[in-house]
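In: build me a model from this:
(chains A and B)
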Amino acid sequence: MTNTVTKEPLNYLNHETGLWSWLTSTDHKRIGLLYMYSITVFFCVAAILGLLMRIEKMAPGQTIMTAQTYNGMFTIHGIIMIFIVVIPGLAAVFGNIFLPIMIGAKDVAFPKLNLFSWYLFMTGAMLGLYSQFANGHSPDTGWTFYVPYSAEASSNVVVALTAAFVLGFASILTGLNFIVTIHRMRAPGMTWFRMPLFPWSLYATAWIQLLATPIVGITLLMVIAERTLHIGFFDPSLGGDPVLYQHLFWIYSHPAVYVMILPAMGVVTEIFPTFSQKPVFGYVPIVFSSMAIALVGYFVWGHHMFTSGMSYESRWFFSFLTFLVAIPSAIKVFNWLSTMYGGSVDLKPPLLFAISFIFLFTIGGFTGLALGSLATNIQLHNTEFVVAHFHYIIFGGMGFAFFAAIHYWFPKIYGRMYSFKWANISWGFLFVGFNLLYFPLFIVGIQGMPRRYFDYDPKFQLGEALSTIGAFILIIGLIGMITNLIYHSRRGAIAPANPWHGVTLEWQIPSPPPHENFDEIPVITHEPYRFDHPHTN
Amino acid sequence: MSTTEHSEHIDSDTGKLGMWLFLFTELFLFGGLFIVYAVMRSKYAADFHHAALELNAFIGATNTVVLLVSSMTVAMSLTAIQQKKAGKAMGLLLITLILAGVFMVNKYFEWGHKFEIHLYPGSDVMKSMPHGEIMFFGLYYMMTGLHAIHVIIGGILLTVVIFKINSGKINAEHYLLQENSALYWHLVDLIWIFLFPLLYLIT
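Out: As a prediction, the model looks like this:
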């Protein structure tokens, strides 16, 4: 760093300026922000597609788009949201910015690889966009690329598959970087059980990224080979097996759900102790439940395929494991609630989002059990009940945790404070809009409304129309929240180094953090979350 | 970039841990194909038996020996650089590259022969074969093809290492890149050790 004296103290945002300094920066905080900005743009695009789909379903019959357009839209909505937004989301943004700081390191283990991962991510994202708009043939396979349709559909499926493959590679490299960082870069004295719980959740996540993603990589390559070379692994007329594709796809794509949700759990686990000013309840069980979710979550993929043709034995086996994975998730919910119990609870926006996370995630979790049991699954499979369920987990869970995280760490990232009033109002719109958007879909789903249809029987109109109204309310909330954050990232009141009286390491350094985080690497002498203890430094 | 203060040299244990994790992902990548192989073999045991007889076990065995020897030379080159014998290290890497070339030439003739008799996915000959044999040759092309790509990547890595030894960037103190490239080369060898019996020997 230079010794020039400026008005503002030097930090990672202003020590170098210009677009080029951002595009070539190997600083983990800047890379995290690059991810955040690009992911936000993609999220807005996919959210608008979602709104358009809801408008289409305002009334029965064709409203604003043809069936084929609708098919393309739910496919691209799914591809963007799953592969570009929620899978990288929390880990790539807040993991990048805060993992090194929270373990007392100056950067990740491989800073250049980290930047390379972002470029890979952008390449994959651009390929994904290209597949949508090139030649006017957007893929209409759904984000799951099920064969035989994906092997035959005359659309840009190969490009979309390649995009998913490249995005997977970026995800692997990020996971690899985090595992090595956590193993090798912890500050002196930070033993495994003195590590905060967000890094722990990233550690569990990274192992899933590392061990599950290659499977979907090779599977996507097989579909590409199927389309271009007529290899035929999934083509029954050549001796192949379409159900084999579903197995290989879900071997990755179910663990991917835990890639989304584990960091979300990690974020709220940081927020509850801070806003209760009380140590987290059950540190060790939370650690082990994260690892248990990662481990058991690897073996439940078959529950996506109960109606696809599997032996009775494998069906009850997968159903049993699905119920098993609910246990560590429930342990965490009890821990969060017990952390708040008896604490001095301060209902600031981050806690508001974190509490709504518990509420929405619990609804998503319980409806997941309805889908995981064999008898009810037959009725609910491929209905809008499934759509409602996974939006409660992915959007209500991961999405609201992301909102909680940005409201929690915003003052640290920008050194400025957003408006609490606007954050609370936006939260109200988001929470009401979200529930109005997705809860009716549970009911029409149970009544038999299938997913992925652009039209429906008039008897479902009440539920579908309510859902569309919810979508508008949700979008208003999103606009309010994003405006509040963008506006105050430059013009907000100057935030102190530790506005929430947090005790983890990121709150012990200035806001925004200096370029290399710590002038002196801290020495850790006790476990995290000790609010009675005077902070070191 | 000029003002970044991150140290240019990643410490060796950290670098190696990263490489080992990456190698795990490579194993899982091939693992997906091994799963397909296992499923198809149990479904079409007799067809796999017939199809495997078509492969030339002699070429396969030759290539196995070639790769095993190349793994030895790459390991020897690492010992050489640690003993400050840069010239010897480069020579041994060159032998490794030549052996990689021999492997690819053999592969070229093997694939070429199959293409001559129209034995490739999508051909009329292949379409008229029993289902299990179509699956076997599909796996044969996919597995050996993906492996050949890895041979090429490994070859490129080793070439870079030779240039860096020549310019002194890799030396007796800093040889992480060479060590990691050697690990990668051993992986290429290891995967072949599994492909060879699965495709050529089990009939």
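
In: remind me which residues of chain B are low pLDDT?
Out: Along chain B, segments meeting pLDDT under 70 span B:1-9.

In: and the residue of it closest to chain A?
Out: B:His131 (2.6 Å; CB to the nearest CB). Where you see a C-beta, it was placed from the backbone N, CA and C, and this is true even at glycine.

In: find the nearest non-adjacent residue to that residue, please.
Out: The shortest distance from B:His131 to any non-neighbouring residue, by CB to CB, 6 or more residues apart in numbering or on different chains, is to A:Gly239 (2.6 Å).

In: so for the one you found, what's the pLDDT?
Out: Note for A:Gly239: predicted pLDDT of 89.

In: burial check on it, number of neighbours?
Out: By other CB atoms under 10 Å in any protein chain shown, the residues close to A:Gly239 number 21.

In: for it, list the residues it contacts.
Out: Neighbouring residues of A:Gly239 by CB atoms under 8 Å, 6 or more residues apart in numbering or on different chains: A:232, B:40, B:44, B:130-132, B:134-135.

In: mind putting these into JSON lines with neighbour count?
Out: JSON lines is the format used below for the contacts of A:Gly239 (neighbours: other CB atoms under 10 Å in any protein chain shown):
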{"residue": "A:Gly232", "neighbour count": "24"}
{"residue": "B:Met40", "neighbour count": "24"}
{"residue": "B:Tyr44", "neighbour count": "20"}
{"residue": "B:Pro130", "neighbour count": "14"}
{"residue": "B:His131", "neighbour count": "18"}
{"residue": "B:Gly132", "neighbour count": "20"}
{"residue": "B:Ile134", "neighbour count": "27"}
{"residue": "B:Met135", "neighbour count": "28"}
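
In: packing partners of the top helix by length along chain B?
Out: Using DSSP state H, we find that the single longest helix of chain B is helix B:131-166. Under the contact definition 3 or more CB pairs under 8 Å, 6 or more residues apart in numbering or on different chains; DSSP states H and E, helix B:131-166 sits against helix A:197-229, helix B:12-43, helix B:45-54, helix B:86-116, helix B:124-127, helix B:176-196.

In: how about the helices in the stretch 51-200 of chain A?
Out: A:67-79, A:89-90, A:96-102, A:111-133, A:149-152, A:157-184, A:197-229 (DSSP state H, counting those that start in this stretch).

In: and of those helices, who's closest to chain B?
Out: Nearest to chain B among the helices of the stretch 51-200 of chain A is helix A:197-229; the distance by CB to the nearest CB comes to 3.5 Å.

In: pLDDT on that closest one, on average?
Out: Rounded mean pLDDT across helix A:197-229 is 93.

In: does the next helix or strand after it reach chain B?
Out: Of the helices and strands lying after helix A:197-229 in sequence (DSSP states H and E), the nearest is helix A:242-276. Yes - Helix A:242-276 is in contact with chain B by CB under 8 Å from any CB of the partner chain, via A:244, A:248.

In: ok but A:Pro510 is inside a strand, no?
Out: No - read with DSSP: H, G, I helix; E, B strand; the rest coil, A:Pro510 is coil and lies in no strand.

In: tally of neighbours for B:Gly145?
Out: 14.

In: am I right that A:Phe357 is in contact with A:Phe272?
Out: No - using CB atoms under 8 Å, A:Phe357 is not in contact with A:Phe272; the gap is 10.1 Å.

In: next up, the contacts around the closest residue to A:Pro9 other than its chain neighbours.
Out: Excluding the flanking residues, the one nearest A:Pro9 by CB to CB, 6+ apart is A:Pro510, at 6.9 Å. By CB under 8 Å, 6+ apart, the contact set of A:Pro510 is A:9, A:11, A:415, A:497.

In: now do 7 Å
Out: For A:Pro510, the contacting residues are A:9, A:11, A:497, by CB atoms under 7 Å, 6 or more residues apart in numbering or on different chains.

In: tell me which of the residues you listed has the lowest pLDDT.
Out: A:Pro9 (80).

In: is that residue located within a strand, as I assumed?
Out: No - remark: A:Pro9 does not belong to a strand; assigned using three-state DSSP, it is coil.

In: phi and psi next, for it.
Out: In terms of degrees, to the nearest 10, the main-chain angles of A:Pro9 are phi -60, psi 150.

In: if we can go back for a sec, and the pLDDT at the residue nearest to A:Pro9?
Out: 93.

In: and the gap between it and A:Phe98?
Out: 15 Å (CB to CB, to the nearest Å).

In: residues from chain A in reach of chain B?
Out: A:1, A:16, A:24, A:26, A:107, A:109-111, A:172, A:176, A:179-180, A:183-184, A:210-211, A:214-215, A:217-219, A:225, A:229-233, A:238-240, A:244, A:248, A:516 (CB under 7 Å from any CB of the partner chain).

In: good, wrapping up.
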